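1. coordinates only, sequence not included:
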């Protein structure tokens with residue numbers, strides 16, 4: 001029997017919708033972290049130092065016989081710079097060791113089905129309350145998750161104040177207060193348009209176009225089409241458990257996007273969901289169970305004596321051995 005999810009709407013009568021099979025996907029944090037790292041690398045922009053940096057000097061080595069290093073030295077006289085070392089990476093103003101170049105392998109290839117599977121894992125983790133809370137989201141004001149909202153509730157949301165009011169009505173007051181806290185980063189990222197560290201808030205997933213501009217200026221809130229869901233949105237930092245607000249049409253479309261355990265997805269050719277083989281993940285309890293211990297031999301804790309072959313050592317153990325022989 002499929003689980004029913006209540007839809008939040010303006011009307012007094014509540015409606016329900018079936019929980020898509022994608023929410024039964026087992027979550028593997030190691031696989032999520034691996035795919036997130038590879039996908040995030042694809043956004044990098046190539047950078048390199050100037051190939052001639054540290055080499056624009058008139059310098060020449062003095063050769064041997066002067067009791068000084070054979071590094072190239074600045075020509076000329078009359079200044080303190082004359083005679084100083086140049087070019088080498090250990091010299092002042094010299095080039096760097098192993099300079100960077102734009103021919104580096106910047107991007108990483110990740111199998112398509114692996115990316116799809118990790119996206120399904122991120123969706124599944126968003127419906128587990130302990131995982132969502134462990135990620136730092138404040139969901140004490142919510143009745144249950146996943147949070148499914150009727151599309152009619154966003155018809156009147158045109159401005160930012162309407163968007164904030166909508167989130168407060170859902171019970172996300174503590175979540176909004178959390179995202180207001182802004183910290184200044186350490187390091188040189190402050191100079192490179194990464195000055196502030198903003199905490200992640202809820203992710204609003206929709207199918208049909210809604211007023212996205214109303215939520216654009218709400219701090220920590222992101223919006224994404226259900227067709228464009230990826231591990232970067234569902235698992236920021238490679239950590240699953242993003243708080244997701246589903247629009248009704250997007251929630252229903254998950255069945256067509258990811259299919260079920262028996263049939264392939266309609267919109268993703270060749271993709272089939274996986275199901276956990278083990279009913280429990282407590283490995284220690286499984287190992288110490290009677291069924292497993294019945295097939296395991298008892299460990300031998302008695303130390304086996306070492307075989308002594310040296311004649312002198314044998315005589316020490318048995319002095320009368322020489323008399324017998």
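-> On my side now, so go ahead. No experiment lies behind these values; they were computed from the predicted model shown.
2. so where do the strands sit in the protein?
-> Using DSSP state E, the strands of the chain run over 4-8, 15-18, 59-60, 73-74, 147-149, 182-184, 196-198, 203-206, 222-225, 244-247.
3. what helices or strands is the fourth one leaning on?
-> Read that as strand 73-74. Contacts defined by 3 or more Cβ pairs under 8 Å, 6 or more residues apart in numbering; DSSP states H and E place strand 73-74 against strand 59-60. The C-beta positions use only the backbone N, C-alpha and C, and glycine is treated the same way.
4. on that earlier part again, just name the most buried of the strands of the chain.
-> Highest mean neighbour count of those: strand 244-247, a mean of 25 (counted as mean count of other Cβ atoms under 10 Å).
5. on that earlier part again, okay, the strands of the chain in TSV with distance to residue 261 next?
-> TSV is the format used below for those (distance: least, Cβ to Cβ, whole Å):
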stretch	distance to residue 261
strand 4-8	19
strand 15-18	14
strand 59-60	71
strand 73-74	73
strand 147-149	22
strand 182-184	43
strand 196-198	38
strand 203-206	22
strand 222-225	25
strand 244-247	21
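6. right, and the ones you listed - which one's nearest residue 212?
-> strand 222-225 (5.2 Å; Cβ to Cβ).
7. packing partners of that closest one?
-> In this structure, strand 222-225 makes packing contacts with strand 203-206, judged by 3+ Cβ pairs under 8 Å, 6+ apart.
8. give me the sheet partners of the strand it packs on and which way each runs.
-> strand 222-225 (parallel), strand 244-247 (parallel) (DSSP bridges).
9. make TSV out of those and add distance to residue 120 and mean pLDDT.
-> TSV is the format used below for the strands paired with strand 203-206 (distance: least, Cβ to Cβ, whole Å; pLDDT from 0 to 100):
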stretch	distance to residue 120	mean pLDDT
strand 222-225	15	94
strand 244-247	13	95
